[in-house]
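Trainee: Return atomic coordinates for the entry below.
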Amino acid sequence: MNLFRFALFTLLSLPLALAGCSDDPAAGRSGSKGMARLAGTVVSPLEGTYLYIYKKGMDLYGPAFAVSEATGADGRFDLTLPEGEYIAVARKRVNGDAAGPIVSGDNKSDFLPLSVREGMAEMTVLAPVKIGDQRMLTKEVAVTKTGLAGQILDSDGNPVEGARVHVYDHVQMSERPKYVSEKTGPDGRYLIYLPEGGTYYLAARDKFGGPPKLGDLYGRYDQGTIEPSALVIRQGEILPDVDITVTKVW
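Mentor: Next up is the predicted model:
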């Protein structure tokens with residue numbers, strides 16, 4: 001562990017309870033009793049980074065309990081939290097989105113245990129560039145003659161905007177998707193180029209990360225079967241009209 005990581009670890013391992021901060025105007029903005037203000041810097045500094053706060057036991061790849069505003073040029077973040085035990089992670093996506101998968105080239109910190117107590121606390125977060133994630137967004141796959149296209153629809157047959165198609169190479173579809181499309185536009189249409197043909201399984205959803213949750217839009221490509229239907233794509237073929245219906249999870 002280098003000196004910087006040691007200092008960071010030490011800082012984050014300390015309880016964030018701070019006595020005698022009530023005169024601090026920033027602490028005063030933290031609100032009522034039992035609330036704490038958490039501020040800090042994502043270095044180098046890193047602009048456009050979000051700090052995600054999860055409660056213990058939450059899916060660390062799903063929606064967070066709280067999310068900061070994007071950091072400015074100084075890398076600073078600032079948010080108010082109830083007292084408690086949390087896990088924090090900083091993420092910056094090259095595409096500027098606040099949600100979505102972290103892929104090669106994005107920045108991501110380690111998952112950082114955080115003990116928040118009344119008052120104000122300062123922390124520094126290191127979020128290095130992620131290297132080597134094999135999951136790829138459509139735009140990162142070179143345009144090839146192999147792929148699939150279609151439309152994401154709701155249960156009434158209307159196009160769904162803002163959803164993505166997730167491509168898996170295992171029927172269990174429990175691992176991370178191999179490829180992920182860009183978000184659909186108002187017409188609900190998508191196009192995914194693949195580096196090679198093969199047997200794939202598809203799902204469409206409006207959220208990234210973790211299993212679908214209540215209220216999410218989710219659907220799998222099937223042909224009236226209970227299990228997901230395999231989709232065989234030949235090399236050099238753009239398979240059209242692969243439509244997927246999504247419904248709200250309840």
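
Trainee: What's the local residue count around Val125?
Mentor: Using other C-beta atoms under 10 Å, Val125 has 23 other residues around it. Every C-beta, even on glycine, is put in place using the N, C-alpha and C of the backbone.

Trainee: Any idea what it is bridged to?
Mentor: Val42 (DSSP bridges).

Trainee: what about it, distance to Val42?
Mentor: Counting by C-beta to C-beta, to the nearest Å, the gap from Val125 to Val42 is 5 Å.

Trainee: between the two, what contacts are shared?
Mentor: By C-beta atoms under 8 Å, 6 or more residues apart in numbering, Val125 and Val42 have these common neighbours: Leu51, Ala90, Ser109.

Trainee: Can you lay out those as JSON lines showing distance to Thr146, pLDDT and secondary structure?
Mentor: Listed next are the shared contacts of Val125 and Val42 as JSON lines, based on distance: C-beta to C-beta, whole Å; pLDDT from 0 to 100; DSSP: H, G, I helix; E, B strand; the rest coil:
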{"residue": "Leu51", "distance to Thr146": "39", "pLDDT": "93", "secondary structure": "strand"}
{"residue": "Ala90", "distance to Thr146": "36", "pLDDT": "92", "secondary structure": "strand"}
{"residue": "Ser109", "distance to Thr146": "36", "pLDDT": "89", "secondary structure": "coil"}
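
Trainee: Next, count neighbours for Val165.
Mentor: 26.

Trainee: contacting residues around the helix or strand where it lies?
Mentor: Assigned by DSSP states H and E, Val165 belongs to strand 164-168. Applying C-beta under 8 Å, 6+ apart, the contact partners of strand 164-168 are 150, 152, 173, 175, 177-184, 190, 192, 194, 200-206, 208, 244.

Trainee: from those residues, which ones fall inside strands?
Mentor: Among these, the members falling in strands (DSSP state E) are 150, 152, 179-180, 190, 192, 200-205, 244.

Trainee: Can I get stretch 211-231 in CSV, CA atoms only?
Mentor: Only the C-alpha atoms of stretch 211-231 are listed here, as CSV (Å, rounded to 0.1, in the frame of the first residue of the first chain):
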residue,chain,number,x,y,z
PRO,A,211,-31.0,-7.2,-10.7
PRO,A,212,-34.2,-5.4,-11.9
LYS,A,213,-36.0,-3.7,-9.1
LEU,A,214,-39.6,-2.7,-8.4
GLY,A,215,-40.7,-0.1,-10.9
ASP,A,216,-37.9,-0.8,-13.4
LEU,A,217,-38.7,-1.6,-17.0
TYR,A,218,-37.4,-5.0,-17.9
GLY,A,219,-38.0,-7.7,-20.5
ARG,A,220,-36.2,-10.6,-22.1
TYR,A,221,-36.2,-11.7,-25.7
ASP,A,222,-38.2,-14.9,-26.0
GLN,A,223,-40.5,-16.6,-28.5
GLY,A,224,-43.3,-17.3,-26.1
THR,A,225,-41.2,-19.5,-23.9
ILE,A,226,-40.5,-19.3,-20.2
GLU,A,227,-36.8,-19.4,-20.7
PRO,A,228,-35.0,-16.8,-22.7
SER,A,229,-34.8,-17.7,-26.4
ALA,A,230,-31.4,-18.1,-28.0
LEU,A,231,-30.7,-15.9,-30.9
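
Trainee: got the end-to-end distance for stretch 105-120?
Mentor: End-to-end distance of stretch 105-120 (C-alpha to C-alpha, to the nearest Å): 33 Å.

Trainee: Show me how far it is from its chain's centre.
Mentor: 16 Å (C-alpha atoms, centre = their mean, to the nearest Å).

Trainee: ok, and for that stretch, which residues are buried?
Mentor: Asp106, Asn107, Lys108, Ser109, Asp110, Leu112, Leu114, Ser115, Val116, Glu118, Gly119, Met120 (16 or more other C-beta atoms under 10 Å).
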